[in-house]
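Q: predicted model, plus sequence, below.
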Amino acid sequence: MSRVDYIISQKKETALTLSLAETLLKENFNASNSVVITVSIDYSSNIGQLLRHALSYNGDVCDGFGIDVPYPDEIWDERYINELVTLFDLYEYKLKDKKILFVEAGVIRGSNYTFLLNFLQERGLQIDVFYLSLFENKSSIFKSNFVGEYYDNETQDLTFWWEKENKHWI
């Protein structure tokens, strides 16, 4: 069975992100109590930044930072793990008494969120953690708390408006 391109326009990406922001605000996520961690910053930065601004509260933009994760043809090697440890050590002060919201543009397999969940558990961090996916494959092994839209990776090739072919997806 061949897959068809499921092209996500800039308009749809923005509208879905803002819709999720409204949901988060109704669920009491805002700059006073939340930190947005953008996962896969090369793919998810637009969404993470828009959410951080949408969750502004009393003139403060929501805190946040981004983490790189392996491409599908890579693994969580020493380089990625060391960067993750360094970032969590660096920003530990931002996480204290806050809800942590991991944000990804697309959760295809769910392996990155699964790795992050295990990483946090191994570190023994006592934090409230939530996961958001703008688009989530209905067959993902990981189920996010907040999902903009589900799609079927068996029949659809999730492609954002800004994407160009790259060596990791060929």
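A: Thanks, I have the structure now.
Q: how far away is Asp73 from Ser2?
A: Asp73 is 21 Å from Ser2, where distance means Cβ to Cβ, to the nearest Å. (Glycine included, C-beta is placed from N, CA and C.)
Q: which of those two has more neighbours?
A: Taking neighbours as other Cβ atoms under 10 Å, Asp73 and Ser2 compare with Asp73 leading, 9 against 5.
Q: quick one: buried residues of stretch 37-53?
A: The neighbour-count check on stretch 37-53 (16 or more other Cβ atoms under 10 Å) flags 37-40, 43-44, 46-52 as buried.
Q: repeat that for stretch 139-151.
A: 140, 142, 144, 146-148, 151.
Q: extract the CA atoms of that stretch and return them as PDB.
A: Output of stretch 139-151 as PDB, limited to C-alpha atoms (Å, rounded to 0.1, in the frame of the first residue of the first chain):
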ATOM      1  CA  SER A 139      -0.600   3.900  15.900                       C
ATOM      2  CA  SER A 140       2.100   5.600  18.000                       C
ATOM      3  CA  ILE A 141       3.300   3.600  21.000                       C
ATOM      4  CA  PHE A 142       3.100   6.900  23.000                       C
ATOM      5  CA  LYS A 143      -0.200   8.700  23.600                       C
ATOM      6  CA  SER A 144       0.100  12.400  24.300                       C
ATOM      7  CA  ASN A 145      -2.100  14.300  26.700                       C
ATOM      8  CA  PHE A 146      -2.900  16.900  24.100                       C
ATOM      9  CA  VAL A 147      -3.300  16.200  20.400                       C
ATOM     10  CA  GLY A 148      -4.200  18.600  17.700                       C
ATOM     11  CA  GLU A 149      -5.100  15.900  15.100                       C
ATOM     12  CA  TYR A 150      -4.600  12.200  14.600                       C
ATOM     13  CA  TYR A 151      -3.400  10.800  11.300                       C
END
